[in-house]
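Colleague: Got a predicted structure here, sequence first:
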Amino acid sequence: MNQPNTIQIESKNALLELLLDNREFERIYIASNAFKDTKTQEIVKLAGQKHIPIIKVPRRTLDRKSKTSNSESIVGILVSQNTWGLKELLDKIYEEKKIPFFLILDEIKYTQNIAAIMRTAFAAGVNGIITPPSNKALVTDETIRISMGAAERIPLVEMNLYEAVKTLKEEDIRIYGVHMEGKPYFEENLRGPMAFILGAEDVGISTGMLERVDKKISIPMKEGIGSLNVSASAAILMYEKLRQEVTPL
């Protein structure tokens with residue numbers, strides 16, 4: 001993994017999920033006059049068990065530190081280490097005897113969509129999300145808040161997508177492109193090692209990536225609807241794969 005970076009977590013829900021998942025925190029700030037609701041009590045208890053420093057500060061100090069419009073009484077400083085190399089991640093998947101299941105995000109732009117995909121992917125058992133290199137970090141306070149902590153919990157790989165597809169194919173991992181001209185998703189066998197490529201909100205999958213897929217699949221829609229939100233499309237496909245995996249042949 002690459003050098004870790006620190007991220008300020010301002011959502012109690014995300015903070016609690018990450019603590020329960022044994023993620024590393026540098027410290028946790030709590031307002032000196034904080035109302036000790038059940039969630040706050042659990043966060044404080046877990047932090048104490050994990051020997052994470054808890055620092056009491058005036059409420060106005062937390063308000064000044066806040067990067068969102070939400071004024072929380074407790075804020076955590078997460079040590080994020082969620083950056084993987086693809087081969088490193090594949091080794092871990094095979095070591096844990098899991099079936100490789102990836103999402104490849106082809107220039108998806110909107111943070112809301114990326115974070116929603118992360119949340120659903122983590123819930124559906126995806127073991128890696130691959131994106132092209134970017135100057136903008138994928139794991140931020142915003143993606144962590146929207147994804148309820150999943151942005152730090154699901155493995156993320158940033159690399160050239162053509163190289164990623166080549167590596168996956170060398171491992172006999174099938175590549176499916178989500179495209180309106182494809183076969184309806186529920187008619188395709190989605191069992192086993194595979195990856196879905198999801199395209200940008202406005203233009204879909206790039207031509208170069210479409211040329212590299214093994215098969216195209218589509219989500220049928222009534223006339224007059226061109227496409228679904230990319231996070232909705234991703235959820236449909238992920239859970240269809242999950243359904244097929246648990247349904248006897």
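Modeller: That came through fine.
Colleague: only C-alpha atoms for contact and neighbour calcs from this point on.
Modeller: Fine.
Colleague: Check whether residue 177 sits in a helix, strand or coil.
Modeller: strand (DSSP: H, G, I helix; E, B strand; the rest coil).
Colleague: does the closest residue to residue 240 other than its chain neighbours sit in a helix, a strand or a coil?
Modeller: Spatial nearest neighbour of residue 240, chain neighbours left out: residue 186 (7.1 Å); criterion: CA to CA, 6 or more residues apart in numbering. The three-state label given to residue 186 by three-state DSSP is helix.
Colleague: Tell me, how many residues neighbour residue 186?
Modeller: For residue 186, the count of nearby residues is 16 (other CA atoms under 10 Å).
Colleague: again with residue 171
Modeller: Residue 171, neighbours per other CA under 10 Å, totals 13.
Colleague: cool, and residue 229?
Modeller: Using other CA under 10 Å: residue 229 sits among 10 other residues.
Colleague: Phi first, then psi, for it.
Modeller: phi -60, psi 140 (degrees, to the nearest 10).
Colleague: For the chain, give the helix that spans the most residues.
Modeller: Ranked by number of residues, the top helix in the chain under DSSP state H is helix 230-246.
Colleague: which other residues reach that helix?
Modeller: With CA atoms under 8 Å, 6 or more residues apart in numbering as the test, helix 230-246 has contacts from 113-114, 116-117, 120-121, 124, 126, 185-186, 189-192, 198-201, 219.
Colleague: from the chain's centre, how far out does the least confident helix or strand in the chain by mean pLDDT sit?
Modeller: None of the helices or strands of the chain scores lower by mean pLDDT, DSSP states H and E than helix 59-65, at a mean of 83. The chain centroid and the centroid of helix 59-65 are separated by 29 Å under CA atoms, centre = their mean, to the nearest Å.
Colleague: For it, enumerate the helices and strands it packs against.
Modeller: For helix 59-65, the packing partners by 3 or more CA pairs under 8 Å, 6 or more residues apart in numbering; DSSP states H and E come out as strand 25-31.
Colleague: what about the strand it packs on, average pLDDT?
Modeller: On average, the pLDDT along strand 25-31 is 93.
Colleague: how about that strand: buried residues?
Modeller: Within strand 25-31, the residues that count as buried by 16 or more other CA atoms under 10 Å are 25, 27-31.
Colleague: Parallel or antiparallel, list what pairs with it.
Modeller: Here strand 25-31 has these sheet partners by DSSP bridges: strand 54-57 (parallel), strand 74-80 (antiparallel).
Colleague: can you redo the ones you listed as TSV with mean pLDDT and mean neighbour count?
Modeller: Below are the strands paired with strand 25-31 laid out as TSV (pLDDT from 0 to 100; neighbours: other CA atoms under 10 Å):
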stretch	mean pLDDT	mean neighbour count
strand 54-57	93	16
strand 74-80	91	22
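Colleague: Any chance of the ones you listed in a markdown table with distance to residue 107 as columns?
Modeller: Output for these, formatted as a markdown table (distance: least, CA to CA, whole Å):
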| stretch | distance to residue 107 |
| --- | --- |
| strand 54-57 | 39 |
| strand 74-80 | 23 |
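Colleague: remind me which residues of the protein are low pLDDT?
Modeller: When residues are selected by pLDDT under 70, those of the chain lie in 1-4, 68-71, 224-226, 249.
Colleague: Please name the residues that touch the residue lying farthest from the centre of it.
Modeller: Relative to the centre of the chain, and counting by CA atoms, centre = their mean, the farthest-placed residue is residue 33 at 34.1 Å. Residue 33 is in contact with 58-59, counting by CA under 8 Å, 6+ apart.
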